[in-house]
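Chemist: Generate coordinates for the sequence data below:
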Amino acid sequence: MITTDQTVETFLDYFRERGHRLTPDGSLIPSPEDPVLFTSSGMHPLTPYLRGRPHPLGRRLTGLQRCLRTTDLDEVGDDTHLTVFEMLGSWSLGDYHGPQSLRWGFELLRDGFGIDPNRMHVTVFGGDERVEPDHESWRTWNDLGVPVEPTTDDNWWSNGPTGLCGPDSEIFVWTGDDIPQGTPTSDDRWVEVWNHVMMRYVRHPDGSLEPMHRPCVDTGMGLERLVRILQNTPSVFDIDVFEPWLTTLPRLWGQLDERSLRLLSDHLRSSIVVLGDRVTPSPSGRGHILRRLIRRTLTTLWRDDPTRTLSDLPIELVEHTLEHFRQSAHPQDVRTVLLDEQRKFDLLLQRGRKVLSHRRFSGSLTDDDYRYLHDTHGLPRDLVVYLITGVG
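Modeler: Purely as a prediction, here's the structure:
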């Protein structure tokens with residue numbers, strides 16, 4: 001069975017053999033000119049070069065980037081979503097075009113990773129009132145014998161309301177036990193593994209699209225989703241890198257339902273990675289996201305047993321995570337911050353319970369009550385809801 005590390009090595013070697021240079025390991029913290037809190041895709045660190053600045057390594061690049069997406073927090077616990085994950089990528093900065101990228105992608109999945117082409121399906125941009133269908137990608141997939149489903153919004157990639165954009169083509173792999181059926185938009189057993197974006201336009205504030213002088217290709221493939229398919233596991237939580245978490249946590253804290261075990265594994269692992277990139281908990285910005293992850297962990301942990309504590313967490317799990325994500329933070333320093341946040345949150349819960357015991361809050365709370373509790377006592381709405389319902 002191929003491991004996660006072997007999967008990374010196979011991907012990067014494939015593109016290096018085709019003239020791509022390896023980009024430096026990237027932090028979760030984007031450059032100061034980038035408005036996002038965390039790097040959420042492999043292309044984020046390359047945005048200036050995709051827009052035209054010459055890259056010191058050349059016009060063909062490949063790499064592995066750790067990413068964090070807060071938009072998926074409520075999805076964590078299902079079979080495919082993680083808060084912190086890794087993205088494999090390849091880029092053409094005005095060098096080769098979309099069809100070449102798609103052919104290489106198909107070849108790597110088929111020959112490098114041994115995925116049966118009969119288990120593949122793709123989607124392409126089918127056109128709208130302003131941009132015609134992506135005929136190049138459509139023809140390429142037809143030549144390769146892979147079934148195509150055209151969509152509109154699902155296959156138009158944009159870096160925001162303005163800026164780089166263009167059609168994309170997504171490669172899906174069938175994860176069901178039976179013969180592949182349906183299409184990616186009609187059956188969720190088709191799991192997206194690789195997106196190839198043809199960056200051809202810049203969108204201006206008035207909504208107009210300007211063709212780029214130097215079109216680029218940006219591809220991104222979720223490492224954990226790919227490994228799930230290669231290792232034939234039920235979910236991303238069953239791949240090799242999560243094995244230490246899924247075996248250790250039940251031993252520490254007893255029987256946990258599957259979703260709680262997955263959320264604890266994901267949020268603790270993600271918190272360690274964020275701390276590994278030198279972010280500290282705070283009331284706003286990146287620190288707020290970190291604090292939210294830790295508090296969601298604790299509310300899940302304490303829901304069934306308030307005596308559980310993060311002090312039970314073996315230092316080996318912290319070391320394993322920092323090593324996997326190639327981070328130099330000291331494991332004991334990371335553990336110390338986690339325990340300090342646990343102490344602060346416990347004190348806040350004690351204060352919150354005392355405030356909510358007042359008869360004013362004995363009935364259903366109004367929006368004015370929530371505002372008062374936040375502004376006067378520093379109790380955010382989600383914390384009050386947790387104290388009332390026990391649901392984090």
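Chemist: Please name the residues that touch residue 21.
Modeler: 57-58, 60-62 (CB atoms under 8 Å, 6 or more residues apart in numbering). For every residue, glycine as well, the C-beta is placed using N, CA and C.
Chemist: repeat that with 6 Å
Modeler: 57-58, 61 (CB atoms under 6 Å, 6 or more residues apart in numbering).
Chemist: Nearest residue to it in space, please, no chain neighbours.
Modeler: residue 57 (4.0 Å; CB to CB, 6 or more residues apart in numbering).
Chemist: Pull the residues that contact stretch 332-352.
Modeler: 272, 275, 281, 294-295, 298, 310-311, 318, 379, 387.
Chemist: Now the longest helix anywhere in the chain: buried residues?
Modeler: Assignment by DSSP state H gives helix 331-356 as the longest helix of the chain. Buried residues in helix 331-356, defined by neighbour count with 16 or more other CB atoms under 10 Å: 331, 334-335, 337-338, 341-342, 345, 348-349, 352, 355-356.
Chemist: coming back round to it: for PyMOL, what selects the buried ones among the contacts of residue 21?
Modeler: Only the buried entries of the contacts of residue 21 go into this PyMOL selection, using 16+ other CB under 10 Å:
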select buried, resi 57+61
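Chemist: for the contacts of residue 21, which one is nearest residue 84?
Modeler: residue 61 (22.4 Å; CB to CB).
Chemist: quick one on the thing from earlier: mind checking which of the contacts of stretch 332-352 are buried?
Modeler: 272, 275, 281, 294-295, 298, 310, 318, 379, 387.
Chemist: For the residues you listed, which two are the farthest from each other?
Modeler: The span of the buried ones among the contacts of stretch 332-352, defined through CB to CB, is set by 318 and 379 at 30.3 Å.
Chemist: between the buried residues of helix 331-356, which is nearest residue 306?
Modeler: residue 349 (9.3 Å).
Chemist: Which pLDDT value goes with that closest one?
Modeler: Note for residue 349: predicted pLDDT of 86.
Chemist: Kindly provide the distance from the spatially closest residue to residue 117 that is not a sequence neighbour to residue 116.
Modeler: Distances taken as CB to CB, 6+ apart put residue 110 closest to residue 117, at 5.6 Å, once the chain neighbours are dropped. According to CB to CB, to the nearest Å, residue 110 and residue 116 sit 8 Å apart.
Chemist: What of residue 265?
Modeler: Counting by CB to CB - residue 265 and residue 116 are separated by 30 Å.
Chemist: between those two, who's got more neighbours?
Modeler: residue 265 (23 against 11; other CB atoms under 10 Å).
Chemist: tell me the contacts of that one?
Modeler: 242, 245.
Chemist: Need the pLDDT of it.
Modeler: 97.
Chemist: That one falls within a helix, correct?
Modeler: Yes. Looking at residue 265 with DSSP: H, G, I helix; E, B strand; the rest coil, it is inside a helix.
Chemist: Could you report the separation of it from residue 341?
Modeler: 18 Å.
Chemist: what residue ranges in the stretch 251-392 of the chain score low on pLDDT?
Modeler: Judged against pLDDT under 70, the low-scoring parts of the stretch 251-392 of the chain cover residues 390-392.
Chemist: Break down it into its helices, ranges please.
Modeler: 258-276, 285-304, 315-324, 331-356, 367-377, 381-389 (DSSP state H, counting those that start in this stretch).
Chemist: of all those, which lies closest to residue 223?
Modeler: helix 315-324 (10.9 Å).
Chemist: neighbouring contacts of the closest one?
Modeler: With CB under 6 Å, 6+ apart, helix 315-324 has contacts from 244, 269, 272, 276, 329, 331, 334-335.
Chemist: That one: how far from the chain's middle?
Modeler: Helix 315-324 sits 19 Å away from the centroid of its parent chain (CA atoms, centre = their mean, to the nearest Å).
Chemist: Just the CA trace of it, in CSV.
Modeler: Extracted C-alpha coordinates of helix 315-324, given in CSV (Å, rounded to 0.1, in the frame of the first residue of the first chain):
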residue,chain,number,x,y,z
ILE,A,315,3.9,14.8,23.4
GLU,A,316,4.5,12.1,20.7
LEU,A,317,1.3,13.2,18.9
VAL,A,318,2.5,16.8,18.9
GLU,A,319,5.9,15.7,17.6
HIS,A,320,4.4,13.5,14.9
THR,A,321,2.3,16.4,13.6
LEU,A,322,5.0,19.0,13.6
GLU,A,323,7.4,16.6,11.9
HIS,A,324,4.8,15.6,9.2
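Chemist: Can you list the buried residues in that helix?
Modeler: Here helix 315-324 shows 317-322, 324 as buried, counting by 16+ other CB under 10 Å.
Chemist: now the strands for the stretch 51-200 of the chain?
Modeler: 60-68, 84-92, 120-125, 148-151, 156-158, 163-174, 190-203 (DSSP state E, counting those that start in this stretch).
Chemist: So what's the gap between the last one and the chain middle?
Modeler: Relative to the centre of its chain, strand 190-203 is centred 16 Å away, using CA atoms, centre = their mean.
Chemist: That strand pairs with which strands, parallel or anti?
Modeler: strand 163-174 (antiparallel), strand 209-222 (antiparallel) (DSSP bridges).
Chemist: So for the shortest one, mean pLDDT?
Modeler: Read that as strand 163-174. 96.
Chemist: now the angle from that strand to strand 120-125?
Modeler: 160 degrees (axes from the mean of the first three to the mean of the last three CA atoms, to 10 degrees).
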